[in-house]
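*Asks:* Return atomic coordinates for the entry below.
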Amino acid sequence: MSAPGRSQALMPKPFKGEGTPVSGVLQSSADGQVAMNIHKTAARALLVLAALVGPALAWSADAPEASASAAVAAAASAPAAASAPASRASQQGTEYTEKGADTCNECHDAESSDNNWQYAAIFHGKHGQRNNPRAPFGPGGLQCEACHGPGAHHAGKGYSKKLSINSFKPDSHYSVEYRNQACLACHENQNRNAWHTGAHERAGLACTDCHKIHQERDKVRERATQAQVCEGCHKQQRADFDRPSAHPVRQGRLVCTDCHQPHGTSNPSMLVGATINQTCYSCHAEKRGPLLWEHAPVAEDCTLCHRAHGSVRPTLLVQSQPLLCQQCHSVAGHPSVARTAAGLPGGAAGPSVFLLAGACTNCHTQVHGSNHPSGSKLLR
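*Replies:* Coordinates of the predicted model:
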């Protein structure tokens, strides 16, 4: 005899409604029909709601989806951009030479010297000092390869001489930013921490475009020759310094870096002072004030009346007197008449002493301001 539990488990299960009265079956079927109708109505309502709300939801989701895709693209491109310098640097390898500068001098000797590179000239500067621990040739330094990078591939065979070293030349396969990193690794101090804000960085200049390390004297650091380097690009300023009235740059009494910070600054025109006037006051301290009677343009901006580099008019003026003064000062209420070109030699009115012999400053001698109690008109 089989066990009761097993026989019960093998017995077929009754169908739903089996053993139930007929009235109960009919009631159940009616309830199912009502439930089915409710479900159909709810489904139709959901479809209508989806048709109305769906476009709005899709539109609102577009922006996050677009921003998310942009973020994914940016994240994907970031490693590629970060690895770009590394991939360029890997062309020259990571192996250093065994003998350092002695290996380099086997090819880069006195016979290969030119205007930009002079054999042994580096030992006349700070970079070649053997007792300076901060110098490339100091104790424990990598010598030539401290700046030019690993040179084993460059000195060996089977590699391109140009592509296997950081030559710092304008035609180098390395970018300007990559070449400057070798310099800024040591020289990024207070005077160079704003390089990214200056016009020289925006123009894509490299450090070696101005500085020449493999020369006995770096011309841009010598006061006698600095202007020659700067004027190689700044042609207009070179012409201004040749004008009759100019700052004494040609005479060597003033250099470009007395007024400008070439390594970048947030000041206008890369000036060493926060404003134009503060830069001018470093030499022209007598114009600083405060004065009892001030001339408004003097306190506002020196370049309203003067050209900074040079002019064909006396005292670096932007225009001759009294035409310069009459740009602001009307003749109304003044015992004089407006001066025009008619008062020049050959003009309709004949030569005028007010145009040819000092003009306004014949009387208003204290044009930059006065401390005299009666100097309200800048006459004394």
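*Asks:* any idea how far Cys328 is from the closest residue to Cys363 other than its chain neighbours?
*Replies:* Distances taken as CB to CB, 6 or more residues apart in numbering put Leu379 closest to Cys363, at 5.9 Å, once the chain neighbours are dropped. Every residue, glycine included, has its C-beta placed from N, CA and C. Computed as CB to CB, to the nearest Å, the Leu379 to Cys328 distance reads 18 Å.
*Asks:* can you count the residues close to the residue lying closest to His306 once chain neighbours are set aside?
*Replies:* Spatial nearest neighbour of His306, excluding adjacent residues (CB to CB, 6+ apart): Leu316 at 4.5 Å. Here the number of neighbours of Leu316 (other CB atoms under 10 Å) works out to 21.
*Asks:* for Pro170, same thing?
*Replies:* Pro170 - counted by other CB under 10 Å - has 10 other residues nearby.
*Asks:* Leu379 and Cys328 - which one has more neighbours?
*Replies:* Leu379 (13 against 10).
*Asks:* Make sure I have this right: the more buried one is in a strand.
*Replies:* No - if the criterion is DSSP: H, G, I helix; E, B strand; the rest coil, then Leu379 is coil and not within a strand.
*Asks:* does it really touch His364, like I thought?
*Replies:* Yes - here Leu379 reaches His364: they are 6.0 Å apart, a contact under CB atoms under 8 Å.
*Asks:* can you give me the strands for the stretch 201-350 of the chain?
*Replies:* For the stretch 201-350 of the chain, the strands defined by DSSP state E, counting those that start in this stretch occupy 245-246, 293-294, 310-311.
*Asks:* Which one of those lies nearest to Ser374?
*Replies:* strand 293-294 (9.2 Å; CB to CB).
*Asks:* helices or strands up against the closest one?
*Replies:* strand 369-370 (3 or more CB pairs under 8 Å, 6 or more residues apart in numbering; DSSP states H and E).
*Asks:* Adjacent strands (with direction) for the strand it packs on?
*Replies:* strand 293-294 (antiparallel) (DSSP bridges).
*Asks:* Tell me which residues are up against the partner strand.
*Replies:* Outside strand 293-294, the residues within contact range by CB atoms under 8 Å, 6 or more residues apart in numbering are Gln366, Gly369, Ser370, Asn371, His372, Gly375, Ser376, Leu378.
*Asks:* Tell me the gap between that strand and the middle of its chain.
*Replies:* 39 Å (CA atoms, centre = their mean, to the nearest Å).
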